[in-house]
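> Predicted structure and sequence below. I'll ask about it afterward.
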Amino acid sequence: MSRIVIALGGNALGNTPAEQIRCIDEAAHALVSLIKDGHEIIISHGNGPQVGIIQLAFEKASKIEGKIPQMDLPECSAMSQGYIGFHLQNGIKKELRKQGMPWQVGTIVTQVVVDGNDPAFSNPTKPIGGYYDEATANILMENHPGEVYAEDAGRGWRKMVASPKPVDIVERDSIVSLVDQEFVVIACGGGGIPVVVDDNGDYQSVAAVIDKDFASAKLAELVNADYLFILTAVDRVAVNWGKPNQAELTEITTKQALDYCSEGHFAPGSMLPKVQAAIQFAQSGKGKKAVIASLEKASLAIKGETGTLITDELPTISVR
Ligand SMILES: Nc1ncnc2c1ncn2[C@@H]1O[C@H](COP(=O)(O)OP(=O)(O)O)[C@@H](O)[C@H]1O
Ligand SMILES: NC(=O)OP(=O)(O)O
C-alpha cells in the first residue's frame with residue numbers, strides 16, 4: 001500500500017459546471033482504481049481557469065449592481081476550492097458506490113503559507129481565467145492599470161498574478177487525520193489559499209495564486225507520501241517537445257531532469273513547473289517517487305506501465 005498525492009490539472013476540469021462534472025466523472029474511475037488497488041489517495045487540483053472566472057464575475061457584477069463587492073483573490077480561491085471540491089466529492093462518491101467501496105470523501109479548505117518577501121510578488125507569472133488575443137489583452141491592460149496579461153504557453157493571452165512558492169500547509173494535521181480514517185481527501189485545491197503569518201502568529205491572506213504542482217509537492221512531502229502523481233493531458237514528458245525528434249521519457253533521475261530543464265525542453269507555465277515540482281518531491285526523502293502521466297492511465301502509471309518516473313536515484317534513462 002502506498003500513500004499517493006495526486007495533482008489534477010485545472011485546465012482538464014473544463015470551463016463550466018456541466019463540463020467540470022463530466023470531466024470529473026471521466027476521471028473518477030482512474031482515481032478509484034488506485035484505492036481499489038489498496039492505495040491511500042489525497043487529491044489536489046488546479047483552479048487557474050475557475051479562479052479567474054470567479055474574480056471576473058464579481059468585478060462585472062459590482063459594476064452593474066453597486067452593492068455587490070469586488071472579491072479579492074484569496075476569497076476567489078476559497079470559492080474555487082469549494083466549487084471544485086463539491087464536484088470531486090460527488091463524482092468520486094458516485095464511483096465508489098458503483099464499485100461497492102465504503103470510503104468517505106471530504107474536501108478541506110486549505111491555507112498554504114508563503115513568504116511575504118517572495119520575489120514572485122513583484123513578478124506576476126501565474127495565468128488565470130480565460131484566454132484572449134493580444135489586441136484584447138492590450139485593451140484590458142490599458143483599461144485596468146496594474147493588471148498584467150501575457151502569453152500562456154502558446155495558448156493565448158491570460159491575466160497573470162503573483163505565484164509565490166508554498167512553504168507550509170496550515171491544515172496538514174487535519175488532512176493526515178482524515179486519510180488515517182480511510183477518507184479520500186481533497187486538499188490544497190488551486191495550490192491552496194495563500195497566507196502569510198503576521199507578528200501575532202495569525203494567518204493573513206495575500207493576493208496570489210500558488211501553482212498547484214508546487215503545492216502538491218509540498219503536500220506530498222508534509223504528509224509523508226510515497227508518490228506524487230501529476231496527472232495531465234499527456235502520457236509522458238517529452239524532450240524536443242513538438243519537434244520531429246520528440247522523444248518520450250519513461251524514467252529519469254532528478255539530475256537528468258534538471259539538465260533537461262536548463263536545456264529548455266519544458267514549456268514554462270505548462271510542463272516546466274510539473275517537472276520542477278516532481279524534482280522537488282523526489283529530492284525530499286529517500287525512495288520518493290514522482291510520476292507525470294495522463295489522468296485516464298493513473299492505475300497503469302503506478303505499475304510503471306506508462307508515465308514518466310522521476311526519482312533521485314535511478315541509474316539509467318530510457319527514451320522512446
Ligand atoms: N516537454 C513536454 N512534454 C510533454 N508535454 C508538454 C511538454 N511541454 C509542454 N507540454 C504541454 O504541457 C501540457 C501540460 O500543461 P498544462 O496543460 O498547463 O497542465 P494542467 O494539466 O495542469 O492544466 C501538456 O498537455 C502538453 O500539451
Ligand atoms: N493553481 C493552479 O496551479 O491552477 P492551474 O493548474 O489551473 O494552473
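Sure, I can see it. Ligands and ions are numbered 1, 2, ... in the order given.
> contacts, neighbours, all on C-alpha from now
Noted.
> Isn't Phe121 up against Met160?
No - Phe121 is not in contact with Met160 according to CA atoms under 8 Å; the separation is 11.3 Å.
> three-state assignment of Ala309?
No, residue 309 isn't Ala; it's Leu. Secondary structure of Leu309, reduced to three states by DSSP: H, G, I helix; E, B strand; the rest coil: strand.
> circling back to that earlier point, show me which of Phe121 and Met160 is the more surrounded one.
Neighbour totals were compared for Phe121 and Met160, and Met160 leads with 22 against 17 (other CA atoms under 10 Å).
> Nearest residue to the more buried one in space, please, no chain neighbours.
Ranked by CA to CA, 6 or more residues apart in numbering and with sequence neighbours excluded, the top spatial neighbour of Met160 is Pro127, at 4.6 Å.
> name the element the one you found belongs to?
Element membership for Pro127, per DSSP states H and E: strand 126-132.
> pLDDT of that strand, averaged?
Averaged across strand 126-132, pLDDT comes to 95.
> what do you get for stretch 13-27?
So the average pLDDT for stretch 13-27 ends up being 87.
> can you tell me if that stretch touches ligand 1.
No - counting by CA under 6 Å from any ligand atom, no contacts exist between stretch 13-27 and ligand 1, the nearest distance being 8.3 Å.
> Please enumerate residues in contact with that stretch?
The list of residues contacting stretch 13-27 from outside it, by CA atoms under 8 Å, 6 or more residues apart in numbering, reads 12, 49-50, 84, 87-88, 91-92, 95, 295-296.
> ok, and for that stretch, which residues are buried?
When burial is assessed from 16 or more other CA atoms under 10 Å, stretch 13-27 yields the following buried residues: 13-14, 20-25, 27.
> Nearest to ligand 1: which residue in the stretch 51-200 of the chain?
Closest approach of the stretch 51-200 of the chain to ligand 1 (CA to the nearest ligand atom) occurs at Ala153, with a separation of 7.6 Å.
> Got phi/psi on that residue?
Torsion angles at Ala153 (phi, psi; degrees, to the nearest 10) stand at phi 50, psi 40.
> And Val5, by the same measure?
Comment: the main-chain dihedrals of Val5 come out as phi -100, psi 130, following degrees, to the nearest 10.
> re earlier: alpha carbons of the strand holding Pro127, as CSV, please.
Output in CSV follows, covering the C-alpha atoms of strand 126-132 (Å, rounded to 0.1, in the frame of the first residue of the first chain):
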residue,chain,number,x,y,z
LYS,A,126,0.6,32.6,-13.0
PRO,A,127,-2.1,32.6,-15.7
ILE,A,128,-5.7,32.7,-14.5
GLY,A,129,-9.1,33.0,-16.2
GLY,A,130,-9.9,32.8,-19.9
TYR,A,131,-7.8,33.3,-23.0
TYR,A,132,-7.7,36.5,-25.1
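> Outside of it itself, which residues are in contact with it?
Outside of strand 126-132, the residues that reach it under the criterion CA under 8 Å, 6+ apart are 47-53, 152, 155-163, 209-211, 269.
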